[in-house]
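[1] no sequence on hand, only this structure:
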């Protein structure tokens, strides 16, 4: 069981990192879209802020669970 928990932990760590990277790169303020800024960049930042924060927080939560599974000792 310990090996499967560790393997699941690594999968969750990778999923959490991928999620954080995705939400960071697609955010108009910090991500890749800022280089192709449209005239309505302030509106885009305001609209995307809540979704980005929820996405990053959820991905960070998945990352923390994965790290916990990796560091857990067998009973």
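    Everything's here; your move. As the structure is a computational prediction, the values presented were derived from the model and not from experiment.
[2] C-alpha from now on. contacts and neighbour counts both.
    OK.
[3] mean confidence score for the longest helix along the chain?
    Counting by DSSP state H, the longest helix found in the chain is helix 41-71. For helix 41-71, mean pLDDT is 88.
[4] just how off-centre is that helix within its chain?
    5 Å (CA atoms, centre = their mean, to the nearest Å).
[5] same deal with stretch 57-75?
    So, by CA atoms, centre = their mean, the centroid of stretch 57-75 is 14 Å from its chain's centroid.
[6] and it, what's buried?
    57, 59, 60, 62, 63, 64, 65, 66, 67, 69, 70 (16 or more other CA atoms under 10 Å).
[7] how close does the fifth one sit to residue 13?
    When distances are taken as CA to CA, to the nearest Å, residue 63 and residue 13 turn out to be 5 Å apart.
[8] and residue 22, how many neighbours?
    Here the number of neighbours of residue 22 (other CA atoms under 10 Å) works out to 16.
[9] what helix or strand does it sit in?
    helix 2-25 (DSSP states H and E).
[10] tell me what angle that helix forms with helix 41-71.
    170 degrees (axes from the mean of the first three to the mean of the last three CA atoms, to 10 degrees).
[11] okay, buried residues for helix 2-25 please.
    For helix 2-25, by 16+ other CA under 10 Å, it's 5-6, 8-13, 15-17, 19-20, 22-25.
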